[in-house]
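Student: Please work out how this folds:
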Amino acid sequence: MNILFTSAGRRVELLRAFRRAFDALGMAGNIVVTDINPLAPAIQVADRSYMVPRFTSPDYVPALAAICARERIGLVFPLIDPDIPILAGHRAVFEAAGARLAVSPEPAVAIAADKWRTTQFFRSLGLATARAWLPDQLDAAQA
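Tutor: Residues are numbered from 1 along each chain as shown. Just a heads-up that it's a prediction; the model follows:
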């Protein structure tokens, strides 16, 4: 199985841990990384590396999908938080390229990224939550 790690940066030990796991399990596969910085340390320990546009670029997702198709990526792991909603929002693009994403479905990502929505979600499940309010709900006298 070939695995793609996005925005690999300095995650050298993480990549080494995956390599050890591959070896211990007798799995064949490549560790492929992307980054915007050609000096990113993780590039040195990956089997293959690619420079990609910044995650805010409209070319980012197509570049990742092309890498997935070229490298026959089976699983994509985002390594920075901003990648998560981008990947979740383009799940079909990656699946069409043959890759699965190690991210939650888009609705769950949207809830987790917003503290108020997370609180409301937990409350809807009947889970105890800390007191929370939105800024416009705070009485000026309590400030």
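Student: for this structure, what spans make up the strands?
Tutor: For the chain, applying DSSP state E gives strands covering 2-6, 31-35, 48-51, 73-78, 100-101.
Student: how much space between residue 135 and residue 115?
Tutor: Plainly put, residue 135 is 12 Å away from residue 115 if you go by Cβ to Cβ, to the nearest Å. For the C-beta atoms, the positions are set from N, CA and C on the backbone; glycine is no exception.
Student: out of these two, which sits in the busier spot?
Tutor: For residue 135 versus residue 115, the count of surrounding residues by other Cβ atoms under 10 Å is larger for residue 115: 11 against 6.
Student: my read: that one touches residue 132, true?
Tutor: Yes: with contact defined as Cβ atoms under 8 Å, residue 115 counts as touching residue 132 (7.3 Å).
Student: Which residues are in contact with each of the two?
Tutor: Shared contacts of residue 115 and residue 132, defined by Cβ atoms under 8 Å, 6 or more residues apart in numbering, are absent.
Student: possible to save the strands of the chain as a markdown table with mean pLDDT, distance to residue 18 and mean neighbour count?
Tutor: Listed next are these as a markdown table, based on pLDDT from 0 to 100; distance: least, Cβ to Cβ, whole Å; neighbours: other Cβ atoms under 10 Å:
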| stretch | mean pLDDT | distance to residue 18 | mean neighbour count |
| --- | --- | --- | --- |
| strand 2-6 | 98 | 7 | 23 |
| strand 31-35 | 98 | 6 | 24 |
| strand 48-51 | 98 | 14 | 16 |
| strand 73-78 | 98 | 9 | 20 |
| strand 100-101 | 97 | 16 | 18 |
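Student: Quick one, which of these gets closest to residue 67.
Tutor: strand 48-51 (5.4 Å; Cβ to Cβ).
Student: next one: phi and psi at residue 127?
Tutor: phi -90, psi 140 (degrees, to the nearest 10).
Student: Would you quantify the distance from the residue lying closest to residue 51 once chain neighbours are set aside to residue 89?
Tutor: The spatially closest residue to residue 51, leaving aside those adjacent along the chain, is residue 38, at 6.0 Å (Cβ to Cβ, 6 or more residues apart in numbering). Note on residue 38: its distance to residue 89, by Cβ to Cβ, is 27 Å.
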